[in-house]
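# only geometry, no sequence info:
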Ligand SMILES: O=C(CO)COP(=O)(O)O
């Protein structure tokens with residue numbers, strides 16, 4: 001099973017929901033983790049089962065980061081809002097940092113997410 005973390009800041013949640021819907025047949029074969037509001041949207045609008053952490057501003061990014069440190073996440077798609085200051089920016093940076101520390105593929109925009117999902121699909125076909 002592949003473990004995927006899906007996160008989006010508020011102004012990017014619609015983009016993420018549309019992207020995940022488009023690739024639903026891939027994501028429904030994975031174990032999904034998300035920060036709370038993102039996860040709720042993916043469950044309610046797309047009908048996927050999602051392991052929901054705390055909301056990002058309440059430490060959810062750090063919880064996902066902790067899962068990465070424990071080796072429990074294979075891919076991260078995190079659609080950040082580059083135009084809005086986030087009160088929990090240090091937590092966001094920490095999550096991005098542990099992805100680099102542990103060499104976890106990370107997409108922070110839709111163009112890269114497209115590449116990652118193709119890679120995830122390829123990996124699933126080999127399982
Ligand atoms: O803020 C976030 C990531 O930094 C996302 O958190 P939510 O999914 O709870 O909105």
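That came through fine. On a predicted model such as this, the values are computed, not experimentally measured, just so you know.

# mind giving me the packing neighbours of the longest helix along the chain?
Longest among the helix segments of the chain by residue count, using DSSP state H, is helix 110-126. Applying 3 or more CB pairs under 8 Å, 6 or more residues apart in numbering; DSSP states H and E, we find helix 110-126 packed against helix 13-22, helix 24-27, strand 75-79, strand 106-107. Yep, even glycine has a C-beta here, placed from its N, CA and C like the rest.

# burial of the one residue in the chain that gets nearest to the ligand, as a residue count?
Closest approach between the chain and the ligand, counting by CB to the nearest ligand atom: residue 56, at 2.1 Å. For residue 56, the number of neighbouring residues by other CB atoms under 10 Å comes to 27.

# thinking again about what came up before, can you tell which of the helices and strands packed on helix 110-126 is closest to residue 122?
Nearest to residue 122, of all the helices and strands packed on helix 110-126, is helix 24-27, at 10.1 Å by CB to CB.

# I'd say residue 39 and residue 54 touch.
No: between residue 39 and residue 54 there is no contact under CB atoms under 8 Å: 10.3 Å.

# so can I have TSV of the helices and strands packed on helix 110-126 showing mean pLDDT and mean neighbour count?
Shown next, in TSV, are these (pLDDT from 0 to 100; neighbours: other CB atoms under 10 Å):
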stretch	mean pLDDT	mean neighbour count
helix 13-22	98	18
helix 24-27	98	16
strand 75-79	98	24
strand 106-107	98	19
